[in-house]
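S.K.: build me a model from this:
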Amino acid sequence: MQASANQQLNTPKKQYEMSYKREKLVWALIFLAPWMIGLVVLFLIPFVESLRYSLFDLQAQVGYIQETWVGFDNFLYALNTHVTTDSSFRLEIINTMTDAVINLPVLLIFSLFIAVLLNMDFKGRGIVRAIFFIPVILNSAAVTAALGGGDAISQIMEQQGITQLFDLQFYLLNSGFPEFLVGFIVGLIDRIYTILALSGVPILLFLASIQSIPGHLYEAAKIEGATPYEMFWLITLPNVSPHILTVTIYALVDTFLTSSVSEIISNELNRQEWGLASAMAWIYVGVILLILIVVFLIFKIFRIGESHYERES
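M.R.: This is a model prediction of the structure:
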């Protein structure tokens with residue numbers, strides 16, 4: 001009798017657990033439905049349609065769009081023939097890839113260095129953090145336009161008759177530095193504003209990861225007599241490394257979003273060259289995916305993004 005009573009008591013509980021799981025599944029689908037519908041309607045369908053458009057020459061007619069099959073001619077024209085008043089699509093793609101390769105390591109090192117400094121305890125730390133995040137809040141593209149593309153100071157100096165205060169490239173070359181190293185250093189100096197504009201979010205990501213490191217690790221290191229230099233290489237950097245891949249992907253995407261290639265594609269759309277613009281967009285996406293795959297393989301080979309504790313286990 002007692003066994004049957006226990007069975008009767010347990011049966012409704014199991015049914016309730018099953019119904020609760022189904023209820024969670026139903027509500028999850030309900031909440032995900034708007035996102036899934038938006039993904040299909042607003043992204044996947046235009047995404048596939050743009051690939052089809054890239055293989056046609058599209059001409060607007062009264063009431064419809066005339067499609068003429070051209071195959072890969074739009075892709076070949078974009079890479080080999082297309083030019084603008086002062087540049088070309090291929091040149092801007094190459095420049096963007098070069099900027100990404102050069103900016104990425106500098107941006108990672110700079111963002112991590114600033115995050116370590118901002119994690120220290122000093123007066124005015126909140127104000128300094130806000131200053132580094134201001135370009136993100138104000139929209140870096142708008143700030144660049146307001147500053148005249150970074151040439152405002154140069155124009156003021158030219159109006160005052162000052163052409164150049166210090167020729168760093170000439171000085172370094174005369175000092176015996178290799179030409180490729182001089183070009184790299186001068187290029188980094190020219191990219192100071194771009195790196196500062198892109199470093200806001202990476203600094204916050206690194207700062208959040210540093211603050212998530214347990215404090216007892218640093219306390220134990222201090223007791224053992226470790227220096228701040230040793231604590232950075234043995235505690236901070238290993239615990240921050242799992243977040244480097246996230247910062248890298250963000251920096252790459254942000255670099256391409258602020259590239260002038262997007263403006264070229266928009267200009268072709270305004271000229272109603274829809275097939276050519278679609279081909280350019282797919283080349284653009286292909287280059288980004290290629291760089292992301294290469295970055296992922298590099299991180300995988302050198303195990304950069306893995307957890308410090310997973311390596312030891």
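
S.K.: so residue 259, which of the three states?
M.R.: Under DSSP: H, G, I helix; E, B strand; the rest coil, the three-state class of residue 259 is coil.

S.K.: correct me if wrong: it contacts residue 89.
M.R.: No. If you go by CB atoms under 8 Å, residue 259 and residue 89 don't touch, sitting 11.3 Å apart. C-betas here are computed from N, CA, C, even on glycine.

S.K.: can you give me the domain boundaries for this protein?
M.R.: Here the domain parsing of the chain from automatic domain parsing is 2-53, 77-312.

S.K.: pick the most deeply packed of those.
M.R.: Comparing these by mean neighbour count (mean count of other CB atoms under 10 Å), domain 77-312 comes out on top with a mean of 15.

S.K.: tell me the helices in the stretch 151-300 of the chain, going along the chain?
M.R.: Here the stretch 151-300 of the chain has its helices, by DSSP state H, counting those that start in this stretch, at 152-159, 168-174, 179-190, 192-198, 200-211, 215-223, 228-231, 237-240, 244-257, 261-270, 274-302.

S.K.: so for the first one, mean pLDDT?
M.R.: Helix 152-159 comes out with an average pLDDT of 58.

S.K.: same check on the second one?
M.R.: The average pLDDT within helix 168-174 is 68.

S.K.: ok, now the third one?
M.R.: Rounded to a whole number, the mean pLDDT of helix 179-190 is 69.

S.K.: also the fifth one?
M.R.: Along helix 200-211, the predicted confidence averages to a pLDDT of 87.

S.K.: can you name every helix or strand that it contacts?
M.R.: Applying 3 or more CB pairs under 8 Å, 6 or more residues apart in numbering; DSSP states H and E, one finds that helix 200-211 contacts helix 89-118, helix 125-138, helix 237-240, helix 244-257.

S.K.: weakest of those by average pLDDT?
M.R.: When I compare these, helix 125-138 is least confident, with a mean of 73.

S.K.: list of residues touching it?
M.R.: 114, 118, 143, 196-197, 199-201, 203-204, 207 (CB atoms under 8 Å, 6 or more residues apart in numbering).

S.K.: quick check: the farthest pair among these?
M.R.: 143 and 207 (21.9 Å; CB to CB).

S.K.: coming back round to it: what's the closest of the contacts of helix 125-138 to residue 68?
M.R.: Taking the contacts of helix 125-138 together and measuring to residue 68 by CB to CB, the closest member is residue 197, at 42.3 Å.

S.K.: from residue 81, how far out is residue 112?
M.R.: 43 Å (CB to CB, to the nearest Å).

S.K.: related to what we said a few turns ago, between the domains of the chain, which one is nearest to residue 61?
M.R.: From the domains of the chain, taking CB to CB, the stretch that ends up closest is domain 77-312, at 11.4 Å.
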